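3D model of this:
(one chain, ligands or ions: 1)
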Amino acid sequence: MESLDILEKEFDSELLIKEGDRLEKYARDETPGDYYFVPDAVLLSKEDKEIKRLFEIARKEGIPVVPRGGGTSRTGASLAVYGGIVLSLERMKKITDIDEENLILELEPGVITGEINKFLEEYNLFYPPDPASIDSCSIGGNVSTNAGGPHCLRYGLTRNYVRGIEVIFPDGSKEFLGGKLEKNATGYSLLNLLIGSEGTLGVITRILLKVIPLPPYSATLLAPFKELKDAATAAFNTLSSGILPSALEFIDKDSVRATIENSEKKAPFSDSGPFLIVKIDEFSKKDVEEKFEKIGEKFLENNASDVFIAEEPFQQEKIWDFRRSISEAIDRVGTVIPEDLVVPRSSLPEFISRIKELEIKYKTEIYTFGHIGDGNLHADIIKKQEWKDGGDKIIQDIFRTANSFGGRISGEHGIGFTKKKYLHFSRTEKEINLMKSIKKEFDPLNIMNPGKIFDMEVLK
Ligand SMILES: Cc1cc2nc3c(=O)[nH]c(=O)nc-3n(C[C@H](O)[C@H](O)[C@H](O)COP(=O)(O)OP(=O)(O)OC[C@H]3O[C@@H](n4cnc5c(N)ncnc54)[C@H](O)[C@@H]3O)c2cc1C
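The predicted model follows:
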């Protein structure tokens, strides 16, 4: 490949991966199934000037540039589906500043999300968004997908914490969007357009995050229920009574069992389920205790079989570690089609029962768990070998059902490569065309992560 020769001439060999096992590592992300695309090369960029030079070559040669953080996408978003160069941000991993007056953290995109709170602890500060992939995903990837997580119930999504980003666009220009500002009403929010754009508009090279004071006291509750509808009623009654926990998660009985069988993790009441898991964090021990007593009462009133309260950090961490292990454990059951749906939260119990009907109709297993307080449900479908359509019919049925409740096909994982053919379930033709015109404006040659969210024709 001619452009590979150009890249070799241009970049130090230490920055470029061209072959072998090291290259193959970038052929997959965390999307289950046969999604394997070996890129032509990987650039392990450390500086803006390398990214600018890469874009210069990519524009001239018409080759795709695919930004990649931790490679934990569940939708093939960080794969080089049309070949080209994977631009890995993994070496740009410095936390560069903490501004304690403005409560702003400045960092590079390759910082692993889990490192952020380790850094902030000594300042008694806290960054709430906590995707279950926290130990392997990067903050750049989180911003590019607007990642969520359990804490987002009380504190909001990644978007609510991004105050500024530096972006290099495919034409090689660099802009800083946003600032250390709590308010900003000066024209269209390009910052918010870039957040969640899945690497299709530009490369994020620097991030300013809002951080908040760290609540020093916390507790985690785990309650098993006999019936899903009881768990849901307990969750909604808690929220409507004015108690807002930091996290309110649901795990169905099959997902509890699959996690115990396929991971090293354990949870209390492991032979029962469904579970609700609640996190409370406050600035006084008394507030924590008051909240967990009220929540415990609400749960018992709504037929919880028991309530386990973890106050010690190590006990709490064990429960959350169990929660974070669910997806990987279910991936070991069979080939999973991971869905990440969102409906108005009051519709969630009915939506889950409809999904359970589809489980019977299609003679498969569907594991459900997720953020019940946000109406965001993960439905992991086990793909059957006899399905000649690769699962297309059941996926469409699930998406139609989500639509009938006023829902959307993704709450937090994004559209990426695997969901793009279903985008029309959640967005109108007018909306898709508007998104395409925006993409064309930012990236007329379609070199920026092509084949994601929707298809565009260009590419020389
Ligand atoms: C076990 C497991 C649990 C998960 N749990 C959650 C969860 O709770 N909540 C949630 O939201 N997601 C979850 N995910 C999905 C995934 O972790 C998130 O989408 C995460 O934000 C991706 O981050 P990453 O660094 O791995 O990005 P990657 O997978 O590398 O990339 C994701 C997208 O971002 C783009 N991108 C990455 N870095 C940049 C950059 N610097 N500039 C421009 N574009 C960039 C890529 O091109 C791609 O489109 C989970 C995944 C796994 C495997």
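
could you give the number of residues near the closest residue to the ligand within the stretch 151-300 of the chain?
Using C-beta to the nearest ligand atom, the single residue of the stretch 151-300 of the chain nearest to the ligand is residue 199, 2.5 Å away. In short, each C-beta sits where N, CA and C put it, glycine included. When counting by other C-beta atoms under 10 Å, one arrives at 28 neighbours for residue 199.

again, but for residue 387
Residue 387: 16 neighbours (other C-beta under 10 Å).

tell me the SS of it?
coil (DSSP: H, G, I helix; E, B strand; the rest coil).

neighbouring contacts of the strand or helix carrying residue 143?
Using DSSP states H and E, residue 143 sits within helix 139-145. Residues from elsewhere that reach helix 139-145 (C-beta atoms under 8 Å, 6 or more residues apart in numbering): 67-70, 72-73, 77-78, 89, 92, 107-113, 116, 129, 131, 147, 158, 162, 165, 194-199, 204, 207, 209, 412-414.

can you do 7 Å?
Helix 139-145 is contacted from outside by 69-70, 72, 89, 107, 109-111, 113, 116, 129, 131, 158, 162, 165, 195-199, 204, 207, 413-414, using C-beta atoms under 7 Å, 6 or more residues apart in numbering.

verify the contact between the residue of the stretch 151-300 of the chain closest to the ligand and residue 449 for me.
Yes: here residue 199 reaches residue 449: they are 4.2 Å apart, a contact under C-beta atoms under 7 Å.

what touches both of these two?
What both residue 199 and residue 449 touch, as defined by C-beta under 7 Å, 6+ apart, is the set 66-67.

which residues in the stretch 201-350 of the chain form strands?
Taking DSSP state E, counting those that start in this stretch, the strands of the stretch 201-350 of the chain run over residues 203-210, 212-213, 217-224, 247-251, 275-282, 308-310, 336-342.

closest one to residue 232 among these?
Nearest of those to residue 232, taken as C-beta to C-beta: strand 247-251 at 7.6 Å.

run through the neighbouring helices and strands of that closest one.
Strand 247-251 sits against helix 228-240, strand 275-282, strand 366-371, with contacts defined as 3 or more C-beta pairs under 7 Å, 6 or more residues apart in numbering; DSSP states H and E.

that one near the ligand at all?
No: using C-beta under 6 Å from any ligand atom, strand 247-251 stays clear of the ligand, coming no nearer than 10.1 Å.

with adjacent residues omitted, what lies nearest to whichever residue of the stretch 351-460 of the chain sits closest to the ligand?
Residue nearest to the ligand within the stretch 351-460 of the chain (C-beta to the nearest ligand atom): residue 412, separated by 3.4 Å. Closest residue to residue 412 apart from its sequence neighbours, by C-beta to C-beta, 6 or more residues apart in numbering: residue 148 at 3.8 Å.

residues in contact with the one you found?
129, 131, 157, 371, 376, 411-412.

tell me the SS of residue 377?
Classified using three-state DSSP, residue 377 is strand.

give me every residue that touches it.
With C-beta under 7 Å, 6+ apart, residue 377 has these contacts: 341, 348, 351-352, 368, 370.

then residue 403?
By C-beta under 7 Å, 6+ apart, the residues touching residue 403 are residue 425.

backbone torsions only: list them for it.
When quoted as degrees, to the nearest 10, the phi and psi of residue 403 stand at phi -60, psi -40.

returning to that earlier point: now render the strands of the stretch 201-350 of the chain as CSV, adding mean neighbour count.
Compiled in CSV, the strands of the stretch 201-350 of the chain are given as follows (neighbours: other C-beta atoms under 10 Å):
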stretch, mean neighbour count
strand 203-210, 23
strand 212-213, 12
strand 217-224, 23
strand 247-251, 26
strand 275-282, 25
strand 308-310, 19
strand 336-342, 23
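
can you lay out the ones you listed as TSV showing distance to residue 50 and mean pLDDT?
Shown next, in TSV, are the strands of the stretch 201-350 of the chain (distance: least, C-beta to C-beta, whole Å; pLDDT from 0 to 100):
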stretch	distance to residue 50	mean pLDDT
strand 203-210	11	98
strand 212-213	34	98
strand 217-224	42	97
strand 247-251	39	96
strand 275-282	41	96
strand 308-310	46	96
strand 336-342	33	96
